[in-house]
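S.K.: Please find the sequence and the predicted model below.
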Amino acid sequence: MKQKVLSYMRVDERVLAELEKEFDVTSFQNHEYVGDPRFDQALKEADGIIGLALKVTKELLELAPNVKIVSNVSVGYDNLDLEELTKRQIMATNTPNILDDTTADAMFGLLLATARRIPELDHYVKAGQWTVSLQPEQYGIDVHHKTLGIIGMGNIGTAIAKRAHLGFDMKILYHNRSRRTEAEERFQATYCELDELLERSDYVCLMVPASKATKHLIGKAEFQRMKRTAIFINGSRGQNIDEEALYEALVQGEIRAAGMDVFTEEPTRPDNPLLSLSNVVTLPHIGSSTIECEYQMSKLAADNLRKGLQGQKPPTLINEEVWNRREP
Ligand SMILES: NC(=O)C1=CN([C@@H]2O[C@H](COP(=O)(O)OP(=O)(O)OC[C@H]3O[C@@H](n4cnc5c(N)ncnc54)[C@H](OP(=O)(O)O)[C@@H]3O)[C@@H](O)[C@H]2O)C=CC1
Ligand SMILES: O=CC(=O)O
């Protein structure tokens, strides 16, 4: 009998078709699984789960007694209760590295769009307001030769640093809990404590994972430390910043502008006060959302799932301890 797989949200159709040849797959390609009894049944029977952003909690795992692997189609895995999965000897996997360039492109695009006020001026042209030449109060600010502070110089942070250094002659500051000598050598990046980075950067880009340690890492005090001309970019997770404090900082002129790909609540509500500000550029969490990258992520996630269910080590296993203490 085929092993059973529960697939939820955004596994590429071609990848799904391949999985269906090997496994008995129940698939929910959208949010329609919420409250669907078919979902509960599939969960009850599943040997493996693959998908994006499902909150895998202790309560959910209670309903999924057979699960051996949870394959996330994302690099961030803050949706998983990793401790609980590990305790239950369930493998958890993610999709690191293959999305670095795509996500860095998106974050750099957001930075440029915010600095040069691209969405605002696009609207200005399309609304027929371009009747005289641009006024100085509509000018943006330069990106090239400025200082970029990257909080979270990991895989994606490094890909952002590459673009900034090689393409825009920017000076790079970074902050992590540990030094990244490769980034220091390749992009002349300088390690800083957080406060120093905030004080010296023209652009601050947040790229840390969501964790207990990073919850509201950037709040009122941090915005107050930034330059009044600073632009803040959040490409990480909404919970890493205090959105109310960001709103205040923007309204009080403590920083110049913000670019946001992620929000505390997603999808963010239309009445989120940040959306009313012209100096905020928003995206609907699109870091890795290109046709090519989403396909590669689905493929890697499927490979993780397949290997895990076939008793082989998944290529990008997060909780190695589950593998190390498996029974022969
Ligand atoms: N907007 C989007 O669509 C996307 C968003 N993401 C988000 O980006 C995150 C980063 O991805 P990726 O670059 O692959 O991950 P990495 O693990 O490669 O990098 C994370 C970096 O954050 C640093 N870090 C972690 N905790 C802290 C902390 N408490 N204080 C300071 N620095 C910290 C780490 O360094 P150290 O351990 O030394 O502190 C590391 O350099 C993901 O977890 C996800 O949340 C990812 C993809 C797309
Ligand atoms: O947010 C996206 C991810 O891969 O993490």
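M.R.: Received the coordinates, thanks. Ligands and ions are numbered 1, 2, ... in the order given.
S.K.: check contacts around the residue nearest to residue 117 when sequence neighbours are not counted.
M.R.: The shortest distance from residue 117 to any non-neighbouring residue, by CB to CB, 6 or more residues apart in numbering, is to residue 140 (4.7 Å). Bear in mind the C-beta positions are built from the backbone N, C-alpha and C, glycine included. Residue 140 is in contact with 115, 116, 117, counting by CB atoms under 8 Å, 6 or more residues apart in numbering.
S.K.: quick one: which helix or strand includes residue 27?
M.R.: In the assignment (DSSP states H and E), residue 27 maps to strand 24-28.
S.K.: thinking again about what came up before, which of the contacts of residue 140 tops the neighbour count?
M.R.: Most neighbours among those, by other CB atoms under 10 Å: residue 115, with 21 neighbours.
S.K.: tell me the contacts of that one?
M.R.: Residues in contact with residue 115, defined by CB under 8 Å, 6+ apart, are 140, 141, 142, 143, 203, 231, 257.
S.K.: State the distance from the last one to residue 110.
M.R.: The span separating residue 257 from residue 110 equals 11 Å under the rule CB to CB, to the nearest Å.
S.K.: Mind listing the shared neighbours of the two?
M.R.: Counting by CB under 8 Å, 6+ apart, the residues touching both residue 257 and residue 110 are residue 281.
S.K.: mind listing the strands in this structure by residue range?
M.R.: All strands of the chain, identified by DSSP state E, fall at 4-8, 24-28, 48-51, 69-72, 91-93, 147-151, 171-175, 190-191, 203-206, 231-234, 257-260, 280-282.
S.K.: Would you reformat those strands as a markdown table and include distance to residue 197?
M.R.: Output for the strands of the chain, formatted as a markdown table (distance: least, CB to CB, whole Å):
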| stretch | distance to residue 197 |
| --- | --- |
| strand 4-8 | 38 |
| strand 24-28 | 42 |
| strand 48-51 | 35 |
| strand 69-72 | 30 |
| strand 91-93 | 31 |
| strand 147-151 | 4 |
| strand 171-175 | 5 |
| strand 190-191 | 9 |
| strand 203-206 | 7 |
| strand 231-234 | 12 |
| strand 257-260 | 17 |
| strand 280-282 | 22 |
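S.K.: Of all those strands, which one comes closest to ligand 2?
M.R.: strand 69-72 (8.0 Å; CB to the nearest ligand atom).
S.K.: Show the backbone phi and psi for the residue in the stretch 151-300 of the chain that ligand 1 sits nearest to.
M.R.: Here the stretch 151-300 of the chain gets closest to ligand 1 at one residue, residue 154, 1.7 Å apart by CB to the nearest ligand atom. When read as degrees, to the nearest 10, the backbone of residue 154 gives phi -100, psi -140.
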